[in-house]
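In: Provided below are the primary sequence and the corresponding predicted coordinates.
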There are 2 protein chains.
Amino acid sequence: MTATASPPLTLTDEYDPTHLENVAARASRALSEFVDRQAAVLAAISPALAPATAALREAILGGGKRLRPTFCYWGWRAAGGPADAAEIVTAAAGLELLHAGALIHDDIMDRSDTRRGRPSIHRLFEGEHTTAGYRGSAATFGLGAGILLGDWSMAWCDEMVDRCGLPEHRLRPARRLLQQVHTELMAGQFLDLVEQARGGGSVERARTVIRYKTAKYSVERPMQLGAILAGAGPDVLAACSAFALPLGEAFQLRDDLLGVFGDPAATGKSAGDDLREGKATVLIAFARQAATAAQLATLDRLLGDPDIDDAGLAALRSVILATGAVTAVEDLIDSHVDTALRRLAEAPFPERARWTLGQLTVAATTRAA
Amino acid sequence: MTATASPPLTLTDEYDPTHLENVAARASRALSEFVDRQAAVLAAISPALAPATAALREAILGGGKRLRPTFCYWGWRAAGGPADAAEIVTAAAGLELLHAGALIHDDIMDRSDTRRGRPSIHRLFEGEHTTAGYRGSAATFGLGAGILLGDWSMAWCDEMVDRCGLPEHRLRPARRLLQQVHTELMAGQFLDLVEQARGGGSVERARTVIRYKTAKYSVERPMQLGAILAGAGPDVLAACSAFALPLGEAFQLRDDLLGVFGDPAATGKSAGDDLREGKATVLIAFARQAATAAQLATLDRLLGDPDIDDAGLAALRSVILATGAVTAVEDLIDSHVDTALRRLAEAPFPERARWTLGQLTVAATTRAA
């Protein structure tokens, strides 16, 4: 069963990328204005904060698909919110501040040197320490700056949502949801950390990680946030979950495949990073389950080896393919996409929202980057 | 001029420690209930979160003077809030969640192995990694867990304040203030990091760090939060600032003296940690300013040396004393305490609040731990 075999909505004919890109562009503009205001606050405290402000600006505005704002906006539309409201774009854009902060912390935790082809924040400040001829350890300085800048960006998320301009009776339930998002994101991250340390191997546990780290955090909760801000009732919120959770899982499964088999030029990630880190993905769990003793030995020997070379990466990819894990993940993606699209077809959303969410579903799960 | 030379309030006669301790005890009970609720949320996500929950509970409930909740509560009383309101205790206690998170991150940044005589969070999880026989680097696992648990605790601060039960028209301005607290705390921490890397030496810059890291974060903003929640007008809020800022600076200056000359048995900190880390305090800045060439050479050679021994620490202490820096800091403390008490005497606060804030001022600035 493939995602496009019996689509409940016409998915490709009327596809208009400009429309989707507008949400991302509008969110980026709102973020730029927010960062300008915060930069003025920080400049008034001390000129010595300028490097922090500049680095945060780059981390927040320097790229990203604005996936979470897009789903938030379409959650708003799904609940009948008007297309042109600036308030929802501001609130939706706020999610990117949480995300930027989480990525800054992620890069520290993964010891990643780069993000989107530029130095990761802790590496950037490590470099500034050296350039400025500062005292003490450059690595410790970079680590400290990275932790603080991540904290900063995360705290700003709630502030931006709170100042979006929507009335208080809408903001109050939205705030509760946002508090849940913080807790669930950290839960997903912590479970991921533990699962990776355990060496993975459980499809069930890897799927729980995906559920919290991606399906809820990147799709379900953003959509529900938008819907709640538009005054959605329980039926619309439930329909958001029913659609978003399988889509979110499929999205992450695609990401995991790209992390191992994707083209680095397209994904912007170093090839093999996921294998080098020993990421405990569903893909790897499937591979372990179906592996022969010899294949398992290869996985155990090479997965998570920080010094793995190209031959080692090739060996790992070939074992993963040979176990049938890629086919299993592709089947799971197809099944989830199918479920998401069926549920979308039944959802009590306006037609325009259903159509676009269908487009987003296909775009998010068939992408090459 | 000493703090007790001409006290504007009777500071010691009627001093009743039980009363102050009650705010701390009530805040701890509120925190315990909040953590219980969050633990249930996390347990429903996955049993694998249990170690995170246990560590957070210990970090939040395992000690601390509850200084910020106490000032928050007395800000509430200063604005005429009733003594027995449970809501303000809950809101005030929420500040401890931000603080616990900041301390968890601080310990990572400072590479501290212990906190209150127990392993710091990143060290605790480093140990769990080893005990469980997990894969990969134990230090990286500990680092990741520490970052996430700090993020968690910080995010919970806003949630606890938001759920304190006070009406929305009081919560809204309080939330704005809390957003400022997040930004200012990170600003203070970042400036501290940079100042330390620069090797310190500027009294002015060290005082800016203190202003944001302690005077605003630990005293002024907590008091104003309490006052705002009680419906304070601009005059009461301004009086909070006028009193709290000099008190907060004096508090930190006392802390810095204790960090170098305090009794480890009383402070719970390893003797000499501040010197070993090369903390860029006002004390050290004064010492550098007044040092002879020979004294400066000793400071440059030993300050921030991670391997400094007892003889080295003794040499540093003796140089710092010889420069007159201790006297300069004691004079500054006295002057700030005097200013705080004079402003308190003029503040439009109810008599009971003024009396207790006077007691707190003396307790916070003359303590031995």
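Out: That came through fine.

In: Next one: residue A:206 from residue B:186, what distance?
Out: 34 Å (C-beta to C-beta, to the nearest Å). (Each C-beta comes from the backbone N, C-alpha and C, glycine too.)

In: Show me what the lowest-mean-pLDDT helix or strand in chain A is packed against.
Out: Least confident element among the helices and strands of chain A, by mean pLDDT, DSSP states H and E: helix A:264-267 (a mean of 74). The helices and strands touching helix A:264-267, judged by 3 or more C-beta pairs under 8 Å, 6 or more residues apart in numbering or on different chains; DSSP states H and E, number zero.

In: Any stretches of the stretch 151-300 of chain A with poor pLDDT?
Out: For the stretch 151-300 of chain A, applying pLDDT under 70 flags the ranges A:268-270.

In: How about the residues of the stretch 251-369 of chain A by chain B?
Out: A:278, A:304 (C-beta under 8 Å from any C-beta of the partner chain).

In: so what's the closest residue to chain B within the stretch 251-369 of chain A up against?
Out: Taking C-beta to the nearest C-beta, chain B has its nearest neighbour within the stretch 251-369 of chain A at residue A:304, 5.9 Å off. For residue A:304, the contact set (C-beta atoms under 8 Å, 6 or more residues apart in numbering or on different chains) comprises A:196, A:199, A:275, A:276, A:277, A:278, B:135, B:136.

In: and of these, the nearest to residue B:238?
Out: residue A:196 (51.7 Å; C-beta to C-beta).

In: Look up which helix or strand that closest one falls in, please.
Out: In this assignment (DSSP states H and E), residue A:196 forms part of helix A:168-198.

In: where along chain A do the strands fall?
Out: For chain A, strands defined by DSSP state E occupy the ranges A:114-115, A:118-119.

In: Can you tell me which of those strands has the worst average pLDDT?
Out: Ranked by mean pLDDT, the strands of chain A bottom out at strand A:114-115, with a mean of 87.

In: how close does the residue nearest to residue A:213 when sequence neighbours are not counted get to residue A:331?
Out: Closest residue to residue A:213 apart from its sequence neighbours, by C-beta to C-beta, 6 or more residues apart in numbering or on different chains: residue A:188 at 3.4 Å. Separation of residue A:188 from residue A:331 (C-beta to C-beta): 24 Å.

In: between the two, who's got more neighbours?
Out: Shown here are residue A:188 and residue A:331; by other C-beta atoms under 10 Å in any protein chain shown, residue A:188 has more neighbours (23 against 13).

In: Was I right to think the more buried one contacts residue A:209?
Out: Yes: counting by C-beta atoms under 8 Å, residue A:188 touches residue A:209, with 5.9 Å between them.

In: Please indicate which of the strands of chain A has the most neighbours on average?
Out: Neighbour counts (mean count of other C-beta atoms under 10 Å in any protein chain shown) averaged over each of those peak at strand A:114-115, with a mean of 18.

In: close to chain B, is that one?
Out: No: Strand A:114-115 lies apart from chain B when judged by C-beta under 8 Å from any C-beta; the minimum separation is 15.9 Å.

In: That strand pairs with which strands, parallel or anti?
Out: Partners of strand A:114-115 in the sheet, by DSSP bridges, are strand A:118-119 (antiparallel).

In: quick one, helices of the stretch 201-350 of chain A?
Out: A:203-210, A:221-229, A:234-261, A:264-267, A:273-277, A:282-290, A:293-302, A:310-322, A:325-346 (DSSP state H, counting those that start in this stretch).

In: What does the pLDDT read for residue A:19?
Out: 52.

In: What of residue A:361?
Out: Looking at residue A:361, its pLDDT is 95.

In: Can you give me the neighbour number for it?
Out: Considering only other C-beta under 10 Å, residue A:361 is surrounded by 26 other residues.

In: mind listing what it touches?
Out: With C-beta under 8 Å, 6+ apart, residue A:361 has these contacts: A:3, A:247, A:250, A:337, A:340, A:341, A:344.

In: Just send these back as a markdown table, with distance to residue A:359 and neighbour count too.
Out: Listed next are those as a markdown table, based on distance: C-beta to C-beta, whole Å; neighbours: other C-beta atoms under 10 Å in any protein chain shown:
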| residue | distance to residue A:359 | neighbour count |
| --- | --- | --- |
| A:3 | 12 | 20 |
| A:247 | 12 | 29 |
| A:250 | 15 | 29 |
| A:337 | 12 | 27 |
| A:340 | 12 | 29 |
| A:341 | 11 | 24 |
| A:344 | 11 | 25 |
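
In: which of those residues lies closest to residue A:78?
Out: Nearest member of the contacts of residue A:361 to residue A:78, counting by C-beta to C-beta, is residue A:344, at 9.4 Å.

In: pretty sure that closest one contacts residue A:243?
Out: Yes: between residue A:344 and residue A:243 a contact is recorded at 4.9 Å, counting by C-beta under 8 Å.

In: Quick check: neighbours shared by those two?
Out: The contact lists of residue A:344 and residue A:243 share residue A:357, where a contact means C-beta under 8 Å, 6+ apart.

In: In chain A, which residue is most central in space?
Out: Centroid-nearest residue in chain A: residue A:218, 5.4 Å away (criterion: C-alpha atoms, centre = their mean).

In: Can you give me the distance of it to residue A:367?
Out: Taken as C-beta to C-beta, the span from residue A:218 to residue A:367 is 14 Å.

In: same deal with residue A:66?
Out: The gap separating residue A:66 from residue A:367 is 14 Å, by C-beta to C-beta.

In: So between the two, which is more surrounded?
Out: Neighbour count, other C-beta under 10 Å: between residue A:66 and residue A:367, residue A:66 has more, with 24 against 15.

In: related to what we said a few turns ago, what is the distance between the helix holding residue A:196 and the centre of its chain?
Out: Put simply, helix A:168-198 sits 13 Å off its chain's centre (C-alpha atoms, centre = their mean, to the nearest Å).
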